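Asker: here is a sequence together with a model predicted from it:
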Amino acid sequence: MNQSPLPTQANAAAAAPAGLAARAAALVAERPTLALTGILALLVLITGLVEPNYLSVSGARNTLLQAAPLGILAGAQTILMLTGGIDLSVTMIATGSAYVAANQSAEGAVIAIVLGIVVGLVVGSANGVGVSVFRVNPLIMTLAMSGILLGLFTAWAQTILQGSTQMGPFIKLIGGGSFLGNRIPYSVVVWALIAGGLIWLLRRTGWGRLLYAIGDNEIAVRLAGVRVWQVRITAYIAAGVLGSIGGILLGGRTGAVDLQLANAFLLPSVAAAVIGGTSIFGGVGGYAGTILGALILSVLNSMLTFLNVGQAIQQVVYGAIVLALAWGYAGLTRRA
Amino acid sequence: MITTVRSAGVALWRTGLARNTWTLGVWLLLSVLLIWYATLIPVFGQFQVTSISKNSLPLVYLAIGQAIIVIAGGIDLSLGALLLLTNALAARLMDDQPFAMVLFIAIVLIAGLGILNALVGYVISVSRVPDIVVTLATGYIWSGFALWILPSPGGGTAPEFRWLFTGAQSGIGGTYVMPILMMAVPAILVFLLSRHTRIGLSIYAIGSDSVASRLAGLDVRRAKISSYAIGGAMAALAGLATVALTGTGDPRFSVGANATLNSVAAVVLGGVALVGGTGLVLGVVAAGVILIMLNPILSAMGIDPNNAQIIQGLLIAGVMMVGGLVTLLRERSA
């Protein structure tokens, strides 16, 4: 913006033939979700070329089954990234909640799920207090929390949480089952409800606006009379609860839980939010983009699985595409 | 005149102390832990010192590299993956080679990984995608390459190379001279580089305020790229130390991910704030050793290793909370 202070004739002439492309670029820059939807469609088509059976109801169902827990965990990251935070313990919260829910499966589904979510409530509160009251950097607070949780649950797995590592039938149904003739997974319904709630909270409520405001300029928000620390704590609690729900769904999908359950979701949960256009510095983004990010990563995962190229190449391609998407996104939105 | 000189000297000492309280505190904590450990176990001698110092090498190297990048205002979540990549390459290439060849490979790897990560720094600075996102993605790429080069644990290195890092050709026992030397020399070199050279000072400057640095005429991009180059070279050194310690290569993704997270923890414990521009590399060295030392200390206390993980987490969170509280109180009183 500070490069050419005066629009010259030459500039205008050069811009004319590229009018259509420029208009398309401007449209995409204005609505980045369009570009993401395009990328998603492209990836689905490529995956369909690789494996024709993928373009079917069951293919879509499998991708959605993968995407639901990831999307919910990425929702936790989105809320926190909007405030300028991050949660590296979200996958341990998920694993811990699933572990508790499996352990209590004999007590009935309701108690199992409630106790599982309590894990997220407690851990989220602790993270929130550490970050907002004691002002520990969120990266460090949640990293330390992740280590603490791993230690606690490893120890508890042999003591107070000894016993069942199998999820109860109801949670298995919610996490992995489908209805309408095996077409629509229940977990996607849960995800859709959460997504609707999150989008409403972020766009239409004071709490949502405060999250954006804190991420944008915390000092201004504080000077405006907001108790920033309280908002932050609630954000971490919300993230913890989302982590729990994601973990319980994931546990229901796999049927049995272990302490590695959600490990592999940590980096994708951040990547989904970032691809979806939520800034890691806070104040910019939203959950709609994150949903697309989670879907893109899940389709990508299916594609790489179908290509059967081995784990090494999978990781390389996965990283390269995440980088390319983030780069493209940054380029597009900067031009706007 | 003498009094003025003396008071100036005292003032210099005071500001020095005030500025470096955290670094001194971490070294003090390390000394206290060492003494405590010495009283905890029946025999404390060469074996324990050697074991602690050599086992700390990979984390200390990685943390030094991370510290330089964090001081420059960035963060590198791919350092653990670079460690894996070096580890895999070294174990693959060095197997059954003479020592001279092994040394040559080591130097090429250090230079190569430095250049590779400089490229990442360049991408970050050109694309303006946040550091954390770019390195998250490149972390996948490097660990994928590591797995491709070394599909399963294996490979090896020359006994002399193991001696270089561990003080024993078998990697077991030996004296503490080599590991401590191998820890101190790179640490002091990077410390001097960061505090006494033009590029080092510009790394601090861009981390402190990159806009002001640019307006003051600093080449921000060059400083950023340099910090990533140093980080890459230190990650390579960490990978080489891992080969020397274990005698093999291990390309597992989780090894790299844990190493990255530990390096960030060591950096913050060592007094380098994640906002950039502050802290000393020397504090990070002590913090890295402390994180490694906790395990033998806790096992000497008869605490089971799972609880060791809990205590390590509590220690990191607790230290940072105390630090946050201190700044809060200072702000209140100011």
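Answerer: Cool, the structure landed. Residues are numbered from 1 along each chain as shown, chains lettered A, B, ... in the order given.
Asker: make it CA atoms for all contacts and neighbour counts henceforth
Answerer: Will do.
Asker: which non-adjacent residue is nearest residue 325?
Answerer: Going with chain A. A:I275 (6.3 Å; C-alpha to C-alpha, 6 or more residues apart in numbering or on different chains).
Asker: correction: the question concerned chain B.
Answerer: By the measure of C-alpha to C-alpha, 6+ apart, the closest residue to B:L325 outside its immediate chain neighbours is A:F134, 5.7 Å from it.
Asker: can you check the pLDDT for the one you found?
Answerer: We note a pLDDT of 89 for A:F134 in this prediction.
Asker: now for it, how many residues are close by?
Answerer: As a burial measure, A:F134 scores 22 neighbours (other C-alpha atoms under 10 Å in any protein chain shown).
Asker: around chain A, pick out the residues from chain B.
Answerer: In this structure, chain B approaches chain A at residues B:127-130, B:133-134, B:136-148, B:261, B:264-265, B:268, B:274, B:306-314, B:316-317, B:320-322, B:324-325, judged by C-alpha under 8 Å from any C-alpha of the partner chain.
Asker: and the stretch 101-250 of chain A, which residues reach chain B?
Answerer: In this structure, the stretch 101-250 of chain A approaches chain B at residues A:130, A:134-137, A:140-141, A:143-152, A:154-155, judged by C-alpha under 8 Å from any C-alpha.
Asker: please redo it, this time with the cut-off set to 7 Å
Answerer: A:130, A:134-136, A:140-141, A:144-145, A:147-148, A:151-152, A:154-155 (C-alpha under 7 Å from any C-alpha of the partner chain).
Asker: please tell me how far the spatially most central residue of chain A sits from chain B.
Answerer: Among the residues of chain A, the smallest C-alpha distance to the mean C-alpha position (C-alpha atoms, centre = their mean) belongs to A:A74, namely 1.0 Å. Spatial separation of A:A74 from chain B under the definition C-alpha to the nearest C-alpha, to the nearest Å is 14 Å.
Asker: give the contact list for that residue.
Answerer: With contacts taken as C-alpha atoms under 7 Å, 6 or more residues apart in numbering or on different chains, A:A74 has the following neighbours: A:S269, A:V270, A:A272, A:A273, A:T290.
Asker: wait, a strand at it?
Answerer: No: applying DSSP: H, G, I helix; E, B strand; the rest coil, one finds A:A74 to be helix, outside a strand.
Asker: tell me the pLDDT of it.
Answerer: Confidence per residue is given as pLDDT, and for A:A74 that number is 97.
Asker: not counting sequence-adjacent ones, nearest residue to B:G313?
Answerer: Distances taken as C-alpha to C-alpha, 6+ apart place A:A144 nearest to B:G313, at 4.4 Å, with adjacent residues excluded.
Asker: any regions of the chain where pLDDT drops low?
Answerer: Since no chain was named, I'll use chain A. Residues of chain A meeting the criterion pLDDT under 70: A:1-18, A:28-29, A:333-336.
Asker: I was thinking of chain B, sorry if that wasn't clear
Answerer: Low-confidence segments of chain B, defined by pLDDT under 70: B:1-8, B:12, B:16-18, B:334.
Asker: residues in contact with the most centrally placed residue in it?
Answerer: For chain B, the residue sitting closest to the mean C-alpha position, by C-alpha atoms, centre = their mean, is B:A63 at 1.7 Å. By C-alpha under 7 Å, 6+ apart, the contact list for B:A63 reads B:S263, B:V264, B:A266, B:V267, B:V284, B:G288.
Asker: return the closest of these with respect to A:L42.
Answerer: When the contacts of B:A63 are ranked by distance to A:L42 (C-alpha to C-alpha), B:V264 comes first, at 37.0 Å.
Asker: for the closest one, what are its contacts?
Answerer: So B:V264 contacts B:A63, B:Q66 (C-alpha under 7 Å, 6+ apart).
Asker: with A:A21 instead?
Answerer: Contact partners of A:A21, counting by C-alpha under 7 Å, 6+ apart, are absent.
Asker: I'd like the distance between it and A:R31.
Answerer: When distances are taken as C-alpha to C-alpha, to the nearest Å, A:A21 and A:R31 turn out to be 15 Å apart.
Asker: count of neighbours near the residue nearest to A:A106 when sequence neighbours are not counted?
Answerer: Excluding the flanking residues, the one nearest A:A106 by C-alpha to C-alpha, 6+ apart is A:G168, at 7.2 Å. By the other C-alpha under 10 Å criterion, the neighbourhood of A:G168 contains 23 residues.
Asker: same check on B:V275?
Answerer: B:V275 is flanked by 16 other residues according to other C-alpha under 10 Å.
Asker: surely A:I233 is in contact with A:S125?
Answerer: Yes: look at A:I233 against A:S125 with C-alpha atoms under 7 Å: they come within range, at 6.3 Å.
Asker: could you measure from A:T83 over to chain B?
Answerer: From A:T83 over to chain B the distance is 16 Å, taken as C-alpha to the nearest C-alpha.
Asker: next one: phi and psi at that residue?
Answerer: In this entry, A:T83 is assigned phi and psi values of phi -90, psi 0 (degrees, to the nearest 10).
Asker: quick check: end-to-end length of stretch A:199-212?
Answerer: As for stretch A:199-212, its first-to-last residue distance stands at 13 Å under the measure C-alpha to C-alpha.
Asker: what's that stretch in contact with?
Answerer: When contacts are defined by C-alpha under 7 Å, 6+ apart, stretch A:199-212 is touched by residues A:L82, A:T83, A:G282, A:G283, A:V284, A:Y287.
Asker: element containing A:A126, please.
Answerer: helix A:109-128 (DSSP states H and E).
Asker: in that helix, what counts as buried?
Answerer: The neighbour-count check on helix A:109-128 (16 or more other C-alpha atoms under 10 Å in any protein chain shown) flags A:109, A:112-121, A:123-128 as buried.
Asker: how far away from the center of its chain is stretch B:134-146?
Answerer: For stretch B:134-146, the separation from the chain centroid amounts to 19 Å (computed by C-alpha atoms, centre = their mean, to the nearest Å).
Asker: other SSEs contacting the helix or strand in which B:V289 is found?
Answerer: With secondary structure defined by DSSP H and E, B:V289 is part of helix B:281-300. Helices and strands touching helix B:281-300, by 3 or more C-alpha pairs under 7 Å, 6 or more residues apart in numbering or on different chains; DSSP states H and E, are helix B:21-40, helix B:46-71, helix B:177-196, helix B:253-269, helix B:305-333.
Asker: quick check: B:I180 touching B:S53?
Answerer: Yes: using C-alpha under 7 Å, B:I180 and B:S53 qualify as a contacting pair, with a distance of 6.1 Å.
Asker: more crowded one of those two?
Answerer: Set side by side, B:I180 and B:S53 give different neighbour counts by other C-alpha under 10 Å, the larger being at B:S53 (23 against 20).
Asker: separation between that one and chain A?
Answerer: The spacing between B:S53 and chain A, counted by C-alpha to the nearest C-alpha, is 23 Å.
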